[in-house]
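Asker: no sequence for this one, just the structure:
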């Protein structure tokens with residue numbers, strides 16, 4: 001399955017948008033946190049997990065989805081949210097903890113919810129699997145259209161929820177796709193030190209579903225694999241497991257010293273940054289030239305910067321709002 005020219009340009013635009021968002025957040029996050037790093041300080045307190053380098057996973061999958069399809073993402077969700085069409089102003093305001101955010105600033109960056117496009121995420125490892133399988137089951141039982149996609153990291157494939165969700169998805173032939181973003185590191189633990197199989201797509205055979213591996217952070221390889229899996233799900237043929245070999249160009253979280261990485265690994269990953277690689281591929285295909293690329297990048301950057309302005313200018317909820325939208 002090959003993307004159309006419009007789909008190629010859409011994927012590139014979303015990748016550029018996501019990367020600029022992360023670069024802006026990286027700078028803003030450090031405001032007030034120097035010279036002594038204090039996670040509670042600055043306009044964005046708390047943990048922050050950036051998705052630089054993992055953009056192909058998001059765009060290659062979400063290019064096949066629409067608003068009625070369900071996506072459940074991870075604690076590193078921004079690239080997926082951008083690709084799924086989450087409202088950018090409201091998303092950035094949520095990251096800033098502002099009243100204009102998707103949840104009034106109550107959830108922050110690991111708990112982004114946008115029901116208008118059926119997007120959610122969670123800070124709990126492996127938490128995407130059950131909700132995505134449940135959403136797929138609800139659609140099947142009600143005869144409603146739409147598929148569900150669960151994104152997870154390679155470390156989450158060692159959680160019990162992974163095996164439970166894959167087993168039931170196969171038993172019930174649910175319209176769900178499980179997408180593993182294999183960035184080789186579960187926080188600071190190397191994949192080969194924690195996982196008994198070299199690739200998690202091999203585990204699919206244990207649950208009687210197709211398993212697909214996409215190497216080298218390949219945007220169009222992800223597009224092809226996801227397109228086939230999503231088409232199978234829509235056609236009532238059940239679930240698929242996809243593992244994408246991707247790269248985490250930042251630390252596990254902001255403030256991570258990354259001392260666990262072997263010398264030279266990060267420089268090697270940066271030399272294979274998927275965005276300039278895809279840009280060059282589009283130029284060689286005649287879909288971009290320097291002027292068109294500049295215009296596309298400028299438009300994406302302005303969209304991000306407008307969302308940041310909206311977030312900075314938004315108000316915080318009043319203190320009494322802490323007692324609202326909670327169970328008592």
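Answerer: Now that the structure is in, tell me what you want to look at. On a predicted model such as this, the values are computed, not experimentally measured, just so you know. Numbering: from 1, shown residues only.
Asker: only C-alpha atoms for contact and neighbour calcs from this point on.
Answerer: Noted.
Asker: wait, what's in contact with the residue lying closest to residue 204 once chain neighbours are set aside?
Answerer: Closest residue to residue 204 apart from its sequence neighbours, by C-alpha to C-alpha, 6 or more residues apart in numbering: residue 211 at 5.0 Å. By C-alpha atoms under 8 Å, 6 or more residues apart in numbering, the contact set of residue 211 is 201-205, 240-243.
Asker: Out of those, who's the most crowded?
Answerer: In terms of neighbours by other C-alpha atoms under 10 Å, those top out with residue 240 at 30 neighbours.
Asker: Tell me if I'm right that it and residue 210 touch.
Answerer: Yes: contact criterion C-alpha atoms under 8 Å: residue 240 and residue 210 qualify, at 5.2 Å.
Asker: and for these two, which residues touch both?
Answerer: residue 204.
Asker: beta partners of the residue nearest to residue 204?
Answerer: residue 241 (DSSP bridges).
Asker: residues near residue 283, how many?
Answerer: Neighbours of residue 283 (other C-alpha under 10 Å): 14.
Asker: and it, helix, strand or coil?
Answerer: helix (DSSP: H, G, I helix; E, B strand; the rest coil).
Asker: The nearest residue to it once chain neighbours are set aside: neighbour count?
Answerer: Using C-alpha to C-alpha, 6+ apart and skipping residues adjacent in sequence, the residue nearest residue 283 is residue 289, 5.8 Å away. Residue 289: 14 surrounding residues under other C-alpha under 10 Å.
Asker: Next up, identify which helix or strand the residue nearest to the spatial centre of the chain is on.
Answerer: For the chain, residue 80 is the residue whose C-alpha lies nearest the centre (C-alpha atoms, centre = their mean; 3.2 Å). Using DSSP states H and E, residue 80 falls within helix 78-84.
Asker: That helix packs against which elements?
Answerer: helix 5-29, helix 55-62 (3 or more C-alpha pairs under 8 Å, 6 or more residues apart in numbering; DSSP states H and E).
Asker: And the shortest one, how far out from the chain middle?
Answerer: So that's helix 55-62. Centre-to-centre, helix 55-62 and its host chain are 8 Å apart (C-alpha atoms, centre = their mean, to the nearest Å).
Asker: what's that helix packed up against?
Answerer: By 3+ C-alpha pairs under 8 Å, 6+ apart, helix 55-62 packs against helix 5-29, helix 78-84, helix 219-234.
Asker: With mean pLDDT and distance to residue 62 added, can I get these in JSON lines?
Answerer: Shown next, in JSON lines, are the helices and strands packed on helix 55-62 (pLDDT from 0 to 100; distance: least, C-alpha to C-alpha, whole Å):
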{"stretch": "helix 5-29", "mean pLDDT": "98", "distance to residue 62": "9"}
{"stretch": "helix 78-84", "mean pLDDT": "98", "distance to residue 62": "6"}
{"stretch": "helix 219-234", "mean pLDDT": "98", "distance to residue 62": "9"}
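Asker: Pick the most buried one from the ones you listed.
Answerer: For the helices and strands packed on helix 55-62, the largest average neighbour count (mean count of other C-alpha atoms under 10 Å) is found in helix 78-84, namely a mean of 27.
Asker: Mind listing residues that contact that one?
Answerer: 14-15, 17-19, 22, 50-51, 54-55, 57-59, 62-63, 65-67, 71, 73, 88, 109, 117, 119.
Asker: Can you turn the buried subset of those residues into a selection I can paste into PyMOL?
Answerer: Buried residues within the contacts of helix 78-84, by 16 or more other C-alpha atoms under 10 Å, are selected in PyMOL with:
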select buried, resi 14+15+17+18+19+22+50+51+54+55+57+58+59+62+63+65+71+73+88+109+117+119
